[in-house]
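> sequence first, predicted model second:
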Amino acid sequence: LELTGMDQAKLERSAPSEAERGTGCSVAPRCLMSSAAKLAICLSFLVIMSNEGSTAARFKSVDYEISGQVQGVCFRMYTEDQARKLGVVGWVRNTRRGTVDGQVQGKEELVESMKHWLSKVGSPSSRIHQAHFSNEKVITKLEFGNFNTRY
């Protein structure tokens with residue numbers, strides 16, 4: 001392989017000196033870490049930085065509307081009891097449309113349990129036809145102190 005003068009100059013500029021290779025003076029040491037090691041350190045740093053705000057509490061909030069035979073069957077009372085058992089907060093009420101709606105907030109797994117209960121279980125005398133969940137979002141602070149019935 002034959003190099004031109006320009007190629008030779010580039011090669012000499014990019015090649016580490018004796019000092020940089022660690023065999024001579026350490027005035028300008030060159031990092032001998034492999035690219036894979038550098039990448040691993042960068043990725044670790046990114047993971048640490050992405051978890052930086054994770055010490056703040058993370059909760060879930062969701063609005064719901066339940067249709068079917070859900071009024072006059074103690075659905076609100078049982079909903080309030082179930083929410084308190086699970087430890088979620090929010091509210092429940094009857095609507096003029098004959099449905100029950102409300103909002104539930106809490107730890108994600110508890111909110112998911114409540115969603116299941118609202119859509120599949122309900123009060124003993126209820127007949128749930130449809131459960132509609134909306135405005136589902138992550139929140140950092142609960143907006144309610146307990147779960148209650150609104151009128």
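Cool, the structure landed.

> could you pull out the strands for this protein?
59-69, 89-94, 100-106, 127-139, 147-149 (DSSP state E).

> name the stretch among those that sits most buried.
strand 100-106 (a mean of 23; mean count of other Cβ atoms under 10 Å). C-betas here are computed from N, CA, C, even on glycine.

> tell me what that one is packed against?
strand 59-69, helix 75-86, strand 89-94, helix 108-116 (3 or more Cβ pairs under 8 Å, 6 or more residues apart in numbering; DSSP states H and E).

> direction included, what does the first one pair up with?
Next to strand 59-69 in the sheet, as set by DSSP bridges, lie strand 100-106 (antiparallel), strand 127-139 (antiparallel).

> tabulate the ones you listed in a markdown table, adding columns for distance to Leu118 and mean pLDDT.
Output for these, formatted as a markdown table (distance: least, Cβ to Cβ, whole Å; pLDDT from 0 to 100):
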| stretch | distance to Leu118 | mean pLDDT |
| --- | --- | --- |
| strand 100-106 | 8 | 98 |
| strand 127-139 | 5 | 98 |
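
> what's the closest of the helices and strands packed on strand 100-106 to Asn146?
Nearest to Asn146, of all those, is strand 89-94, at 5.7 Å by Cβ to Cβ.

> tell me the mean pLDDT for that closest one?
Summarised as a single mean, pLDDT over strand 89-94 is 98.

> ok and it relative to strand 59-69, angle-wise?
Here strand 89-94 runs at an angle of 20 degrees relative to strand 59-69 (axes from the mean of the first three to the mean of the last three Cα atoms, to 10 degrees).

> so what does strand 89-94 touch, helix or strand wise?
Counting by 3+ Cβ pairs under 8 Å, 6+ apart, strand 89-94 packs on helix 75-86, strand 100-106, strand 147-149.

> would you give the sheet partners of that strand, along with the direction of each?
When DSSP bridges is applied, strand 89-94 pairs with strand 100-106 (antiparallel), strand 147-149 (parallel).

> let me see the mean pLDDT of the last one.
Averaging pLDDT along strand 147-149 yields 97.

> what number of residues lie near Cys74?
By other Cβ atoms under 10 Å, 16 other residues sit near Cys74.
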